[in-house]
Structures are given as structure tokens and as C-alpha cells.
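Colleague: I would like the atomic coordinates for the input below:
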Amino acid sequence: MDISLLGPFRAAHAGVHLHLTAVKPRKVFALLAVHADEAVSVATLVEEVWGENPPRSVQTTLQTYILQIRHLIASALGEQYTGLPSSAKSVLVTESGGYRLDTHGGVVDVREFEALSSAGHRTLEQGDWAAASDYLGRALALWNGRALADVQRGVLLEVEATRLEESRMSVLHRRIEADLRLGRHYELVGELSGLAARYRLHEGLHEQLMLALYRAGRRSDALGIYHQLRAALSRTLGLDPSPGIDHLYGALLDSSPQLDLDPLGVAGAAGPPLLARAN
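Modeller: Residues are numbered from 1 along each chain as shown. Take a look at the predicted model:
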């Protein structure tokens, strides 16, 4: 079974898309997919679907949802059945106290994302900016919208979606770091401008935008971004910018040579964090 969680929830078995439209069975299916190849307890499924107020018939109702998912799987396999087909049971497996969705070695996009992200973080720490940009860019390309975008999420799925979105932002931030080290500041200005407008309080993205603008010969625009961020933080949170971005602002005012791209090459040994040179 192939599973996509980085965007709308999708599952396919034997090349056939498995689609549940009913809200609660879809939640069950999505939570099993999030924990693919792992046992998920009945208590966990009940918490996701009904929270603290499960109905008296919760066990029977949950079993009905499991049956619906198995029927979908059986249909994908082209089975004719009058009950529960054994091969569908081998995909959605009954465990002691719960159930397990067995992918049988299928592709799960979250696992691909995490593998590529790990490789990207590792190569970035090693100073191989080109490889880091490639790995992290490929990880981000797996996304097709917000995680689990078309699932009505309960508490547990919401936690998972939030975790994935935070991981996505971290990967994006570090991919941009790698690209800045590669001297791609002109190409990054547009992307970073859009991101800064969307995430008005994200200091890291504003910091990167300021540096990209400065290196693109737009120092006044870079200084303007600082003032926009400062105003947004004060108005929304009653806070001042962090010391790191204040140091960058000072370096921009002074046109510090520490802000310039390393002329000796961008794929050398690992150095300090990208913006530490502004501190």
C-alpha cells in the first residue's frame, strides 16, 4: 500500500485508489496510515474519532469502520467476497487490542521526506551546500499542500499534522540557508519575500530575506524588512526582535564585509551558522 500524508490524504493498494468519504471512517483510516506498519490501539482510535465522549456502541461502531476499510482493500484486490476476505485482513491486520495497517513495503511519503531531510541536515552540517540543497529541495517537493489537508482531524491527527508542518518549515529554512551559501541570493529574493509576507512573525525567514536583499545590492530594502518585522512583533506580541536579528541589522547599517559571500568558494569545509557572521 502506498500512502500520501503530505497534502490531501491518499492511499492506494494494488494501484487502485482507496477513497472513503464518510468523515469518521476516514479519520480511522488516516490514523492507521499515519502509524503505518505499527499497531494502533482501539483506545487511540476511539480518542481520535470521539474524544472524551464515545458512544455506548463505540466498539461495534469502530468495528464497522474497520470493515468498511477492509472492503475497500478487497475491492482494490479485485476480490469477490461475502464476508471479510483473508487478503484484506492481511493488509489491515487485527492485533491484540488494536489494528495495524501493513503496507507490505509500499511507499509512504512521510518516510521519504524524513529520509531526505535527514540526509540534507547531515550534508549541511558537513558543509556540502549543493548536496544539502538538493536533498532538502527533494524533500520539500514531496509536499502537495498542508499535511492531511482533507481529513477532519481530531486531537491526535492534529498533533501529527502540526509536527509535520513544523518539520517542513525547518527543512525549508535550512534549504534556503544552503542556497544562500551557494550564492543564490538573487533567485531567493522572490521566494523569501512571499514567505515573509505569509509568516509575518518568523524571524528566521526575515533574517534570510534581509541577507539575500543585501547581497543582491538592495541594502535599503533589507533595512526596511527589519523595520516591518519590528513593527509586526511589537503590534502582535509586544516584543522586540531577537538579539541575532538586531546584530544583523547593525551589520547591514555598517555594510560589514562579514555579510559578503565567501569568495573562496561555497562548497568547502563546514563553517559557522550562516548568519553568525553578522553577529
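Colleague: return the helix or strand in this structure with minimum mean pLDDT.
Modeller: helix 86-91 (a mean of 83; mean pLDDT, DSSP states H and E).
Colleague: can you give me the buried ones in that one?
Modeller: By 16 or more other Cβ atoms under 10 Å, the buried positions in helix 86-91 come out as Ala88, Val91. In short, each C-beta sits where N, CA and C put it, glycine included.
Colleague: and the next helix or strand past it?
Modeller: strand 92-95 (DSSP states H and E).
Colleague: A helix includes Val40, no?
Modeller: No: per DSSP: H, G, I helix; E, B strand; the rest coil, Val40 lies outside any helix segment and is strand.
Colleague: outside of the least confident helix or strand of the chain itself, list whatever touches it.
Modeller: For helix 86-91, contacts defined as Cβ atoms under 8 Å, 6 or more residues apart in numbering pick out Met1, His13, Arg70, His71, Ile73, Ala74, Leu77, Glu79, Tyr81, Leu101, Asp102, His104.
Colleague: okay if I get those residues as CSV plus pLDDT, distance to Leu142 and secondary structure?
Modeller: As requested, the contacts of helix 86-91 are exported to CSV (pLDDT from 0 to 100; distance: Cβ to Cβ, whole Å; DSSP: H, G, I helix; E, B strand; the rest coil):
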residue, pLDDT, distance to Leu142, secondary structure
Met1, 93, 17, coil
His13, 86, 20, strand
Arg70, 93, 28, helix
His71, 91, 29, helix
Ile73, 89, 24, helix
Ala74, 88, 29, helix
Leu77, 78, 27, coil
Glu79, 60, 31, coil
Tyr81, 44, 35, coil
Leu101, 96, 20, strand
Asp102, 95, 22, coil
His104, 91, 21, coil
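Colleague: now do the helices in this structure.
Modeller: Assignment of helices within the chain using DSSP state H yields the ranges 23-34, 42-50, 58-76, 86-91, 109-125, 129-141, 155-181, 185-198, 203-215, 219-237, 243-253.
Colleague: for His17, find the nearest of the ones you listed.
Modeller: helix 58-76 (8.1 Å; Cβ to Cβ).
Colleague: buried ones in the closest one?
Modeller: For helix 58-76, by 16+ other Cβ under 10 Å, it's Thr61, Leu62, Tyr65, Ile66, Gln68, Ile69, Arg70, Leu72, Ile73, Ala74, Ser75, Ala76.
Colleague: other SSEs contacting that helix?
Modeller: The contact analysis (3 or more Cβ pairs under 8 Å, 6 or more residues apart in numbering; DSSP states H and E) places helix 58-76 against strand 10-13, helix 23-34, helix 42-50, helix 86-91, strand 92-95.
Colleague: comparing those, which gets the lowest mean pLDDT score?
Modeller: In terms of mean pLDDT, the lowest-scoring of the helices and strands packed on helix 58-76 is helix 86-91 (a mean of 83).
Colleague: run the chain-centre distance for it.
Modeller: Centroid separation for helix 86-91 versus its chain: 31 Å, with Cα atoms, centre = their mean, to the nearest Å.
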